[in-house]
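give the three-dimensional model of this entry:
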Amino acid sequence: MKNTFGNNIHFTLFGESHGQEIGMVIDGLAPGIKVDEDFIKSQLDKRRPQGKISTARQELDPFRIVSGVFNGETTGTPIAIIIPNSNTKSKDYAKLKDLPRPGHADYTAEVKYHGFQDYRGGGHFSGRITTPIVAAGAIAIEALRSKGIVIGTHVKRCAGVDDADFSNYSEELAKLNDKTFAVIDDAKEAEMVSAIEKAAADGDSVGGILETVITGMPAGVGEPWFDTVESELSHILFSVPAIKGVEFGDGFAMADMRGSEANDSFYMDGDKVKTKTNHNGGINGGITNGMPIVIKCVVKPTPSIYKEQDTIDMNKLEDSKLTIEGRHDPAIIHRARVVVDSVVALCLCDMLCGRYGTDYLK
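Residues are numbered from 1 along each chain as shown. Next up, the predicted model:
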């Protein structure tokens, strides 16, 4: 029953959706890293619900850093971030105790934890638990930025509506990181929002694809075989609720390419080694090659929908019907974007410390 990620820096997540508090402990982060609480707040704001396209559950998320930070910098001791839950309606879940919601972890949690799990709001499996990940990720994002490493994600596709492709990483990443609904083409936001609202009006939900780009990563980070850049990033990305697919570079499109198309030819740009294309997404042999890392993640439609669905009664062991009540998102992809940025940042910090030592991020 492990809730810790990392080989060099350890990130331990705790809490439940309707419990008193949720949070994360970061152990192993070097002393002397600046912690900007205003930036943490701005990142948490990107994760918060947005109007009709999100849940009506509003949490202010007044986080507290109760250890590991002094005078705005890390001390080198464990950092503990705590966030209260204040806007819960647990009665909405009382009748769901024995009726697992299709697409959720209700049934698998029952099997694993033998009925002792906190089922309210999804408990420890809830997307609510991504809040402390975003708070911790903000510290990691700033630490990486101080080393010239920039992370940015846009909603590549939502409800069948496609955003524009990247054309200028430095300009577009900066703009995306200032947006609440992160798209490159501003006109696509209205189309996506309209599609989400239509699904909500039907009592349904939608999913999509997030595309993440990391610039400034040095070459030579990662390990062959079991701790490759792809395997480590995939490990933490698949920890984000609703992510059901991850690809790097051209990913599955490579199945239809020839080697002459998929290979990225090297060339010298002054004294720097670069590749003419980036089909492999900045990674060769599980190790960074210095080009931008490109990742796409599939976010499935939110499983909590208002249509009647088939399920079972786990107490009576018989077929049943389920109609969900309460407050749920018709889409989470626009909120998941900052969660993806955060977990990527946590993972990259861990890998960089493995390559260069834990003082690298100072």
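
need the contact list for residue 20.
By Cβ atoms under 8 Å, 6 or more residues apart in numbering, residue 20 lies in contact with 84, 85. The C-beta positions use only the backbone N, C-alpha and C, and glycine is treated the same way.

model confidence score at it, please.
In this model, residue 20 is scored at 91, pLDDT.

now the one 10 residues further on
The model reports residue 30 with a pLDDT of 96.

ok, it - contacts?
By Cβ under 8 Å, 6+ apart, the contact set of residue 30 is 74, 76, 353, 358, 359, 360, 361, 362.

what about these, which are in helices?
residue 353 (DSSP state H).

list only those of the contacts of residue 30 flagged as buried.
Taking 16 or more other Cβ atoms under 10 Å as the criterion, what is buried in these is 74, 76, 353, 358, 361, 362.

looking at those, spot the one nearest residue 162.
In terms of Cβ to Cβ, no member of these lies closer to residue 162 than residue 361, at 35.9 Å.

how near is the closest one to residue 146?
8 Å (Cβ to Cβ, to the nearest Å).

ok, now how distant is the residue nearest to residue 254 when sequence neighbours are not counted from residue 278?
Computed as Cβ to Cβ, 6 or more residues apart in numbering, the closest residue to residue 254 that is not its neighbour in sequence is residue 262, at 5.1 Å. From residue 262 across to residue 278, the span is 11 Å (Cβ to Cβ).

need the contacts of residue 30 in JSON lines (columns: pLDDT and distance to residue 11).
Shown next, in JSON lines, are those (pLDDT from 0 to 100; distance: Cβ to Cβ, whole Å):
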{"residue": "74", "pLDDT": "98", "distance to residue 11": "14"}
{"residue": "76", "pLDDT": "97", "distance to residue 11": "16"}
{"residue": "353", "pLDDT": "97", "distance to residue 11": "12"}
{"residue": "358", "pLDDT": "92", "distance to residue 11": "14"}
{"residue": "359", "pLDDT": "95", "distance to residue 11": "18"}
{"residue": "360", "pLDDT": "96", "distance to residue 11": "17"}
{"residue": "361", "pLDDT": "95", "distance to residue 11": "14"}
{"residue": "362", "pLDDT": "88", "distance to residue 11": "19"}
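
adding distance to residue 216, write the contacts of residue 30 out as TSV.
Shown next, in TSV, are the contacts of residue 30 (distance: Cβ to Cβ, whole Å):
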residue	distance to residue 216
74	21
76	25
353	16
358	20
359	19
360	14
361	14
362	17
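
mind listing what the residue of the chain positioned farthest from its centre touches?
Distance from the C-alpha centroid of the chain peaks at residue 316, with 36.8 Å (Cα atoms, centre = their mean). Taking Cβ under 8 Å, 6+ apart, we find residue 316 in contact with residue 98.

go on, residue 298?
207, 208, 209, 243, 244, 245, 246.

can you verify the residue farthest from the centre of the chain is assigned to a helix?
No - going by DSSP: H, G, I helix; E, B strand; the rest coil, the assignment for residue 316 is coil, not a helix.

from residue 98, how far out is it?
8 Å.

quick check, pLDDT for residue 351.
Reading off the confidence values, residue 351 has pLDDT 98.

where's it, which helix or strand?
In this structure, residue 351 sits in helix 333-356 according to DSSP states H and E.

and for residue 151?
strand 150-158.

highest neighbour count among the contacts of residue 298?
residue 208 (26 neighbours; other Cβ atoms under 10 Å).

now it: phi and psi?
Here is the backbone geometry of residue 208 (degrees, to the nearest 10): phi 170, psi -160.

who's in contact with the nearest residue to it once chain neighbours are set aside?
Spatially, and ignoring its direct neighbours in sequence, residue 208 is nearest to residue 158 (3.7 Å; Cβ to Cβ, 6+ apart). Residue 158 makes contacts with 192, 195, 196, 206, 207, 208, 209, 331, 333, 334, as judged by Cβ under 8 Å, 6+ apart.

and residue 158, what are its bridge partners?
Per DSSP bridges, the residues bridged to residue 158 are residue 161, residue 208.

can you check the pLDDT for it?
In this prediction residue 158 is given a pLDDT of 97.

can you give me the separation between it and residue 134?
Residue 158 is 20 Å from residue 134, by Cβ to Cβ.

and if you look at residue 327?
Separation of residue 327 from residue 134 (Cβ to Cβ): 20 Å.
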